[in-house]
Structure formats: C-alpha cells, structure tokens
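Participant: Build me a model from this:
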Amino acid sequence: MGTLKTEPARTRLDLLAPPVAAAIEGWPVGAPVDVDDMLVAPIDAELADTAAFCAAYEVGLEESANCVVVAGKRGGETRYAACVVLATTRADVNGVVRRMLDVRKASFAPMVDAVELTGMEYGGITPVGLPEEWSILVDSRVVATPHLIIGSGVRHSKIALPGPALGALPGATVVEDLARPA
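Facilitator: All right, here's what the predicted structure looks like:
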C-alpha cells in the first residue's frame with residue numbers, strides 16, 4: 001500500500017470520522033471480512049484528493065477507490081446513494097446510478113448536503129458508517145480488487161481494506177459496470 005504507515009482501524013478510532021468509528025466499533029463478529037483487516041493510516045490533509053494522495057504516497061490509482069454521494073428526486077422525495085468506484089473509473093451517474101435509484105435525473109449531491117447527512121468531511125466520505133437507509137452501490141471491479149485505499153470520513157487519514165469488504169457492507173449492492181473508464 002505504497003508508503004502508508006497503517007495500523008488496525010479499531011485501535012486508532014481517533015483517525016476516523018465519528019460515524020466511521022462507530023461502524024468499526026460495532027463491526028459484526030461474523031462479518032465476511034474481519035474488522036482487523038481494516039487498517040487506517042494518517043496522511044497530510046492537503047494531499048487527500050485522489051491524484052495528489054496517490055502521487056505522494058506511491059499508491060496506484062488501481063488500488064484507490066472513491067466514494068461519491070449521488071442524489072435524485074422521485075415524487076418529491078430525495079433519494080441518496082453512495083457509489084464506490086475505482087479511481088481509474090467514473091460512476092455512470094445518469095445511466096446505471098439513475099436507474100438504480102429509480103429517479104428521472106441523478107447528480108452529485110451538493111457538498112453541504114453530503115457533509116451534513118454523512119457526518120463526514122468532504123473529500124473523505126467513505127461508505128463505512130453511512131446512514132442505514134442509503135443504498136451503497138459498489139462497482140464489481142472494486143470487490144474484485146484484493147486491497148484498496150478509500151477515505152476514512154476525514155481528510156487526514158485513509159482506510160486500507162480488502163475490496164470484498166466494501167461489497168459486504170450493510171446496504172451494499174455490487175453492480176456490474178457501475179462505472180466507466182475515466
């Protein structure tokens with residue numbers, strides 16, 4: 001995982017956003033991925049954006065995943081989903097995601113909404129610890145990747161975990177071709 005100095009996430013909850021720390025603390029004992037396989041590493045918050053992070057910490061884009069918050073309306077109700085895609089791809093928001101949310105139009109959620117609703121920092125949002133009612137759409141390439149780096153809910157750290165763990169999160173659906181090459 002490049003030059004990251006990782007530690008077990010459950011021993012460094014101080015490096016995680018509160019909802020992420022709560023999810024780690026309440027990780028089910030019988031989960032398909034053991035909580036001890038989830039690691040965290042401190043980083044420079046100024047280098048949290050994917051391209052800068054990968055360059056600074058020698059992590060390949062193919063080992064890095066992004067979580068984007070998408071919103072769409074149907075019948076006056078706003079529906080939210082988190083889309084988890086490899087950094088080498090882009091979520092198909094107005095194709096696959098729109099259909100999965102069953103909305104007429106989908107777009108990236110406004111930053112202020114994403115931050116307020118997740119309890120996480122913009123640029124560090126992660127699918128771990130999201131609101132229970134949200135859909136988590138995970139591109140099939142993500143779960144096929146042995147180990148990934150993703151946000152931790154804050155900009156000053158990253159989580160390292162097995163790709164299959166993201167497909168096993170509560171509310172997660174693994175979707176073929178959720179993303180397109182960037």
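
Participant: quick one: the helices in the chain?
Facilitator: For the chain, the helices defined by DSSP state H occupy 18-25, 50-57, 98-101, 111-118, 140-143, 163-167.

Participant: what's the most buried one of these?
Facilitator: Each of these was assessed for mean neighbour count using mean count of other CB atoms under 10 Å. The highest is helix 163-167, with a mean of 23. C-beta coordinates here come from the backbone N, C-alpha and C atoms, glycine included.

Participant: now the strands for this protein?
Facilitator: In the chain, the strands defined using DSSP state E lie at 7-8, 39-42, 65-74, 77-86, 89-91, 106-108, 135-139, 148-151, 157-161, 172-175, 179-181.

Participant: Sheet-wise, list the partners of the fourth one with their directions.
Facilitator: Right, strand 77-86. For strand 77-86, the paired strands and their directions (DSSP bridges) read strand 65-74 (antiparallel), strand 135-139 (parallel).

Participant: Mind putting those into a markdown table with mean neighbour count, mean pLDDT and distance to residue 87?
Facilitator: Shown next, in a markdown table, are these (neighbours: other CB atoms under 10 Å; pLDDT from 0 to 100; distance: least, CB to CB, whole Å):
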| stretch | mean neighbour count | mean pLDDT | distance to residue 87 |
| --- | --- | --- | --- |
| strand 65-74 | 21 | 96 | 6 |
| strand 135-139 | 24 | 97 | 11 |
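
Participant: To residue 158, which of the ones you listed lies closest?
Facilitator: With CB to CB as the criterion, residue 158 lies closest to strand 65-74 of the strands paired with strand 77-86, at 10.2 Å.

Participant: And the residue in the chain sticking out farthest from the centre, how close does it get to residue 133?
Facilitator: With CA atoms, centre = their mean as the measure, the chain has its most outlying C-alpha, relative to the mean C-alpha position, at residue 75: 27.7 Å. Distance, residue 75 to residue 133, by CB to CB, to the nearest Å: 16 Å.

Participant: How far does stretch 135-153 sit from its chain's centre?
Facilitator: With CA atoms, centre = their mean, to the nearest Å as the basis, the distance from the averaged C-alpha position of stretch 135-153 to the chain average is 6 Å.

Participant: Endpoint to endpoint, it covers what distance?
Facilitator: Its start and end residues considered, stretch 135-153 measures 17 Å (CA to CA, to the nearest Å).
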